[in-house]
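Asker: test case, fold it:
(4 chains)
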Amino acid sequence: MRGYRQRAVRASRLSRVAEAWGTLPERTRSLTPVVIVVALAVTYPFYVDSVPTNLPVIKTVPPLHDAVTILVFVMMGVGLNIVVGYAGLLDLGYVAFYAIGAYTAGWLASGQFEQVKVHFGAVGIPSSATGIHISIWLVLLIAAVVTAVGGILIGLPTLRLRGDYLAIVTLGFGEIIPQFVRNGDELHGFDLTHGTFGISPIDPPGFGHTLNSAIGLPVRYDESFPPTPDRLFFWTILALILLTLFCSMRLRDSRLGRAWIAIREDETAAGAMGIPLMRTKTWAYAGGAFFGGIAGAYIATFNSGAFPTQFDFNISVFLLCMVILGGMGSLWGVVVAGTILAWLNFDGLGNIGSWINTTLLPSSHQIDVPKYSFGIYGIIIVLMMLFRPTGLIPERRRKREIEEATHGGPLDQPLYEMRGADEPGAGERGEPGKVPRG
Amino acid sequence: MSEPAPTPAKNDDLLVAMSVRKEFGGLLAVNDLDFAIPQRAIVSLIGPNGAGKTTFFNMLTGLYKPTAGAVIFDGHDVTGKPPHTITKAGIGRTFQNIRLFPQMTALENVLVGMHSRLKGGILGSIFGTPRVRREEREASEKARELLSFAGLRRVDHELAESLSYGDQRRLEVARALATEPKLLLLDEPTAGMNPQETVAFLDFVSKLREQRTIAILLIEHDMKVVMGASERVTVLDYGEKIAEGTPHEIQHDERVIEAYLGKAATG
Amino acid sequence: MKKRIWLGALLAAVAVLALVAAGCGGSKKSSGGNKGGGGGGVTALPASSCNAMQYKGSGKPDYLVASDLPLIGGSREQTVQMNKAIAYVLQQQSWKAGKYNIAFQACNDASAQLAKWDPTKCSANAHAYAANSSLIGVIGTFNSGCAAIEIPVLNQAPGGGLQLLSPANTYGCLTEHCSATEPSKYYPSGSRNYARVAPSDPNQGAVDAAFLKSKGVTSVYILNDKEAYGLGVAKNFKGAATAAGIKVLGFDAYDPKAPNYQALFTKIKNTNPASVFIGGLIDENSGQLINDKVSVLGDNTKVKLMLPDGFTTDSVFQRSQGGTPKADGAYFSVAGVGIDQYKGAAQTFISGFKSQLGGKPVDPYAILGAQAAKVLLDAIAKSDGSRSQVIANVFKTHVSNGLIGSFSLNKNGDLSGATGAALKFTIYVGAANHLKTILTTSPQANLVAAARKG
Amino acid sequence: MALIGLTTGAVYALVALGYTLVYGILQLINFAHGDVFALSGLFATTMIGGAVFGLTDTSTTLGVVGGLTATFVIAAVFGAAVNSSIEFVAYRRLRSAPRLAVLITAVGMSFIVQNISLAIYDVNARSIPPLISGHTVFNISGVVYTWDAFFVVLVTAPVLVLLTWLVKSTRQGKAMRATSQDPEAAAIMGINVNRTISFTFALAGALAGIGATLYLVEFNIRYDTGFTLGLIAFTAAVLGGIGNLTGAVLGAILIGMIQAFNEGLSWNAPGTAWTKSIVFGILIAILVFRPEGLLGERTPEGA
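Answerer: Sure, this is the predicted structure:
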């Protein structure tokens, strides 16, 4: 009885809290969860080590080092969401942007080019060191711009193509760039990429002595011990992600964002409404590439290296999986799904796998779960496409659309119109984008 | 049609198509068509299915490149220009089978139509500069006006696809008007409408005509609509112009009757 | 309304999470560092890369020693044995190095996606090592490419750098002067922190060249996989072969992911070589490569095939293991002597260690792993417990009658003045789908010098 | 060199046809096709190897012929079963979905099939004993052509002829062509569209099975062989004009030649390390500049 009363009291208290919550202004209400999540994230380095390692199934939360990698991948997912989610352009070679970003950092902040000696704002690098050493903060920006330009260069010839052809072409670029990186150690005798060795080490970020003595910012991330450099890397990527999310949100709600979504919805109509298709699509590429470039450069300085094996086609699909699982175009969906998937990839599958092996399976039949990670992502992709194409947290408009579909919406149109136009003869013979059906 | 509109300063036609021709492979869709739309006129294009009306439309709006011939709009050669350039020059359109952006709200649909009239750049949008914010605010206001002008009330935040069929047609026109066209092309706007909706739509068109400085080119099947709304009618068959004149003249043209009676049975 | 419920739910979830986190924070003291299992005095390395900490000595450990090896992929059999061997050495010393109690943690630098060592894992591990103040030395790596990534990170680690001691790396330029930037770029602090108990590839290149020469080979075509190890050993072999008077007809890369190499070998055939040397790994499409070599150039008695230690295992003949029986007749080389030829201390070790393996034969790499562990533990025993002193002591190592014979480590961290198994190589020939020992030999100094020049 | 190119090209052709057939009927790039190829190939190694037929290089000629023929048939049936199951499980439900969704699903299926191969056959490459003699067919001034290479062409050619006949002249073929032109009209005309599509997938899968067995005669296969190979074959299909059977074969042989010449010539060819880049470079160039492919201008024939 007492238990019941207590419960009732608690329930009434809860309902009172809920009531009070309801009276808060809309803006406060919608901002509160964001603030809480951000606060939890910012303080993560302080409590991560106190989380027990024997939780059921997942064992524990990711250690800080993995958390940094996870966030970098989430950032790439958010970048890809601009291309695939907003503009509806299927990019199967996003890893190319990642590679360009990473190698830009490699070129501009390491001893790779031993022929020259350029120093600009790099911290803790002896002035006698050969190579180009530019401040990582600047390198992040340069990498973003270089990658965006790369995105434009890749986009210009290819964005005229129909959706599935575009997917294939991006896939092609995604395959060529790693091979270029792998073989780029003897381009007419010039060592651009250092081949399979990769570029390593890459300078660490830091703020230098001036800022250190002025406001106590760390001189060099990898020298701050304790607390571990991972904390600094973690807070930095957190800041970068928040910035990315902010930009992505602003872009979505801008004139350009509307144009992207219009193109995704109906390319022909978008063109007829005065949207320059090529230019707008190219901006989507550039925007996605921009953030991919930052992420690539950041993980390069974090890992202190850029290696050709990092840029597998698998990574492109992995990122695509984040966007699909989260819901194409849905920013928060991509963040949540990205965090889950990246955690699975770097940590979770291993932990879950060992849990399965120790508790469910006999020692004679152990499964190496992480080995099948991409099979698992494949299953996620297919299941989502079959049963929940709008993703876990659908974009507002997409969610409405699904509800409509169950009642038989007035428009029996596909989610996306992949062809340039479906009117008779829209892409006539000989024009790019149209291939005779056979 | 009550008040006589002030006569435009320019006397020459708003749009002139000269010997426009379109071939698909071996198929001749539009054969050396000459066509003109006077300033502020309502002109109709009719003809049996497959006569080349929509093809002609698509050439005017840049969706197709003409095989030969030229299109002069408002004194500029727009032949073969991409759609967005033509839209910016002042031709707005609707589609035969409604092509709204289904998962955008009504308001957003109209805002997309304003794209070429807005200036907000990437950086301005990200940083939310006062100029961009003001522009966005004004654009939304104007979009709301357009919606209510088109007779769409309290649907600003409805998804386009959840609107009724008639409202979708209206929204498409509102979206086209948002491009600030001098010439509005309506491709079978009353197709699929019930009689009441058709009547309402005709009222809307005449209101449009009264309140805006705009010419209208109409493709229609419904003879009642054509005869009621337009000042001049052009009849196409097999890609060729077979007749042109006032609605009354057309109604009595033998070739037109033959073309319709001969083929109308199938389509 | 619906939105509010959602937000409420989210809020509740967040609150619960925070409570859990806080609660766990509170319980930390009572559970007393549950991260490591056995430990207490030291902080364990993250579980994402490393197995549970092992410590079976008395009291609490003072310091931690880690191993960094690829525990996924083709070399797993060997690396698992190496970890067992290290733990066995610690067990024999009662988990002590001098007065210090030492715990051990085995870390993995391979990923499932690559099925071999993964650069990102190497980098992540190295940073984790550097940041862990309990860690006083690392035994690893297995692959030279991985070492190239870890050395510079550990070189700048707090406390004057962290010792990396490899039982298996053979890439010469990690330690020896190769160019203006190699090896200096691996040591940004300017002082050394890397040593190895395996002979470097110039030695193997010299042995292979001398062996081919003795077989009457006059010309060779060299292929490599472009990786640190494969390219390195191929270059070393090239230098040694030239010095030995074998004509090098070509030096080419092959793509381990290519579907076939028929065209490549047709091109090679036009140079009419007496032999082919391949710097690569068994995991890198070796079956197809060797098949195509045989089908285009003829069998391995006609055009000799010389394969370095990246291929030297019986799997190279198994179709189901990615190999091919056509490797019969090829020559294989590997550092060390056959397991049955170890003498003295090693013999004792092998018979003792066998019991840990449940009947499996002892792999020569386990002996190298144990030797590395002994060298590192001795260095720790003589130190004051600081990382820099451990490094200094490693470079002063002089072992007499150790597991791999007698040897010192020179200022580069390489074996020097070695006698016994340390600098010996074994040459095998493929016969009836097995490796058959045909020769145990030592490298000739002049050829080693030539091999270094590439 | 040209002969090596021809052999490689012949195998590519069998895979490329699978892409073209499916693309022709659904306008879908079936990413999983390459992986079906790899899985069928691995399955064929089980057939040929110890467990089932136990063929070795010392088997009798009769044994080899019988065993190989049986393997061809079984691998073809296996490939057909896998490929049409994929269609049934995944693509069929998405018949009315946007093409982007189907394409993404295809990528997902590709990974699933690849991981099935991985689960069964692990990471190592597999091969079969040299069943077909490596002796010389002819030797013209040093240019050698061996039986095993010739065998590949010898099997591919009749398969191609048979396929062309099947698509052009049989009832089922006509149904395929009709469906590819206009599924709705085909349905109205009484064609069972679903069955026709299943049939097409089965046909494509059978080609992959045969191709994979042939591939084994010369090369080895591992779980991820299909991905790159599939892309190369797809390039071939695009090069020839996707949807065009003759074009696919021509494109495949051309790609085979380009590859062989790039890797085999001693003059300034970039070499084996760049092959993939060259193939994808061609793919991109074609899609950008001439998306209808080499034979695209002609009225598309076949499925």
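
Asker: contact partners for D:Thr156?
Answerer: D:Thr156 sits next to D:10-11, D:13-14, D:214 when contact means C-beta atoms under 8 Å, 6 or more residues apart in numbering or on different chains. From N, CA and C alone the C-beta is placed, and that goes for glycine too.

Asker: what's the distance between C:Leu164 and C:Gly385?
Answerer: Distance, C:Leu164 to C:Gly385, using C-beta to C-beta, to the nearest Å: 18 Å.

Asker: about what we covered before: looking at the contacts of D:Thr156, which is nearest B:Ala36?
Answerer: The nearest member of the contacts of D:Thr156 to B:Ala36, counting by C-beta to C-beta, is D:Ala13 at 56.2 Å.

Asker: now the element after the helix or strand where that closest one lies, going C-ward?
Answerer: Using DSSP states H and E, D:Ala13 sits in helix D:2-26. Sequence-wise, the next helix or strand downstream of helix D:2-26 (DSSP H and E) is helix D:33-48.

Asker: so what does that next one touch, helix or strand wise?
Answerer: helix D:2-26, helix D:61-86, helix D:99-121, helix D:193-218, helix D:225-240 (3 or more C-beta pairs under 8 Å, 6 or more residues apart in numbering or on different chains; DSSP states H and E).

Asker: got the CA coordinates for it in PDB?
Answerer: Extracted in PDB, the C-alpha atoms of helix D:33-48 (Å, rounded to 0.1, in the frame of the first residue of the first chain):
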ATOM      1  CA  HIS D  33      25.400  -8.800 -59.100                       C
ATOM      2  CA  GLY D  34      29.200  -8.800 -58.700                       C
ATOM      3  CA  ASP D  35      28.800 -10.400 -55.300                       C
ATOM      4  CA  VAL D  36      26.400 -13.000 -56.600                       C
ATOM      5  CA  PHE D  37      29.200 -13.800 -59.000                       C
ATOM      6  CA  ALA D  38      31.800 -14.200 -56.200                       C
ATOM      7  CA  LEU D  39      29.400 -16.300 -54.100                       C
ATOM      8  CA  SER D  40      28.600 -18.600 -57.100                       C
ATOM      9  CA  GLY D  41      32.400 -18.900 -57.800                       C
ATOM     10  CA  LEU D  42      33.200 -19.800 -54.200                       C
ATOM     11  CA  PHE D  43      30.300 -22.300 -54.300                       C
ATOM     12  CA  ALA D  44      31.800 -23.700 -57.500                       C
ATOM     13  CA  THR D  45      35.100 -24.300 -55.700                       C
ATOM     14  CA  THR D  46      33.300 -26.400 -53.200                       C
ATOM     15  CA  MET D  47      31.700 -28.400 -56.100                       C
ATOM     16  CA  ILE D  48      34.900 -28.900 -57.900                       C
END
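
Asker: next, the angle from the helix holding D:Ala13 to helix D:61-86.
Answerer: For helix D:2-26 against helix D:61-86, the angle by axes from the mean of the first three to the mean of the last three C-alpha atoms, to 10 degrees is 30 degrees.

Asker: helix D:2-26 packs against which elements?
Answerer: Using 3+ C-beta pairs under 8 Å, 6+ apart: helix D:2-26 touches helix C:262-269, helix D:33-48, helix D:147-169, helix D:171-181, helix D:193-218, helix D:225-240, helix D:245-264.

Asker: quick one: buried residues of it?
Answerer: Neighbour-count burial for helix D:2-26, counted by 16 or more other C-beta atoms under 10 Å in any protein chain shown, picks out D:3-26.
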